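Asks: Please work out how this folds:
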Amino acid sequence: MKWDWRSAARAISRNDHRNALAGTVAGLGGALAIGAMEWFSVAAHYPLAVIPFATSIVLAMGSPEAEPAQPRPLIGGHVVTALVGLAVLKLTGPDAWAAAAAAVGLSILAMYLTGTFHPPAGINPLLVVSGNLPWTFLLAPVLAGAVLLTAFALLWHRWVRRQPWPQRWI
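Replies: Below is the predicted model:
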């Protein structure tokens, strides 16, 4: 049986969720992004557990047309929620029993108000408060990671999938 590359390319460009090849390409993109994240975590001496991007990668690779997978919510959601977590931590301290819950709830509100709703970013305030993380967490890994993830998704979708991405920047 002859392999029809044009059919495969069309399935990938459509992001056909029922096509194994499209899923393989999305999975490969996610694996490469996670590998780069793992390298970054080792190089920066940050445990991978506090780098909150695995679910963002799944969203950006698997459902690139979804609103939360666009750059504004992808970057903004992570930054906004980390800021909220850091502010709550500053106000309550790490031992307040309700601080993590309040930080997550306030982060949801902040993402709605700023138009940056990105569900995977909801882990940021929990990590910040429960881990008593410093303000530098906002720059690295959060801002740097979100920008790098967006750049990776841009290159992946345009070069590998041959599709325009993002649908909108802001």
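Asks: ok, residues contacting stretch 44-57?
Replies: With CB atoms under 8 Å, 6 or more residues apart in numbering as the test, stretch 44-57 has contacts from 29-30, 33-34, 37-38, 40-41, 74, 78, 118-121, 123-124, 127, 131, 133, 137, 140-142, 145-146, 149. Every C-beta, even on glycine, is put in place using the N, C-alpha and C of the backbone.
Asks: The residue sitting nearest the centre point of the chain and Leu148, how far apart?
Replies: With distances taken as CA atoms, centre = their mean, the residue of the chain nearest its centroid is Ser56 (2.7 Å). As judged by CB to CB, to the nearest Å, Ser56 and Leu148 stand 11 Å apart.
Asks: what does His45 give?
Replies: His45 is 17 Å from Leu148, by CB to CB.
Asks: Settle it for me: which of the two has more neighbours?
Replies: Neighbour count, other CB atoms under 10 Å: between His45 and Leu148, Leu148 has more, with 16 against 6.
Asks: Now name the helix or strand holding the more buried one.
Replies: helix 144-155 (DSSP states H and E).
Asks: what's that helix packed up against?
Replies: On a contact count with 3 or more CB pairs under 8 Å, 6 or more residues apart in numbering; DSSP states H and E, helix 144-155 meets helix 20-43, helix 54-62, helix 71-92.
Asks: Enumerate the positions of the second one that are buried.
Replies: Judged by neighbour count using 16 or more other CB atoms under 10 Å, the buried positions of helix 54-62 are 56-62.
Asks: Now render those residues as a markdown table, adding distance to Leu106 and pLDDT.
Replies: A markdown table is the format used below for the buried residues of helix 54-62 (distance: CB to CB, whole Å; pLDDT from 0 to 100):
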| residue | distance to Leu106 | pLDDT |
| --- | --- | --- |
| Ser56 | 20 | 94 |
| Ile57 | 25 | 92 |
| Val58 | 25 | 91 |
| Leu59 | 22 | 94 |
| Ala60 | 25 | 95 |
| Met61 | 29 | 92 |
| Gly62 | 28 | 90 |
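Asks: Quick check, Trp156 in contact with Gly62.
Replies: No. Here Trp156 lies out of contact with Gly62, judged by CB atoms under 8 Å, at a distance of 11.6 Å.
Asks: before we move on, the earlier item: of the contacts of stretch 44-57, buried ones?
Replies: By 16+ other CB under 10 Å, the contacts of stretch 44-57 give 29-30, 33-34, 37, 40-41, 74, 78, 118, 120-121, 123-124, 127, 131, 133, 137, 141-142, 145-146, 149 as buried.
Asks: if we can go back for a sec, nearest to Val84, of the buried residues of helix 54-62?
Replies: Ser56 (17.0 Å; CB to CB).
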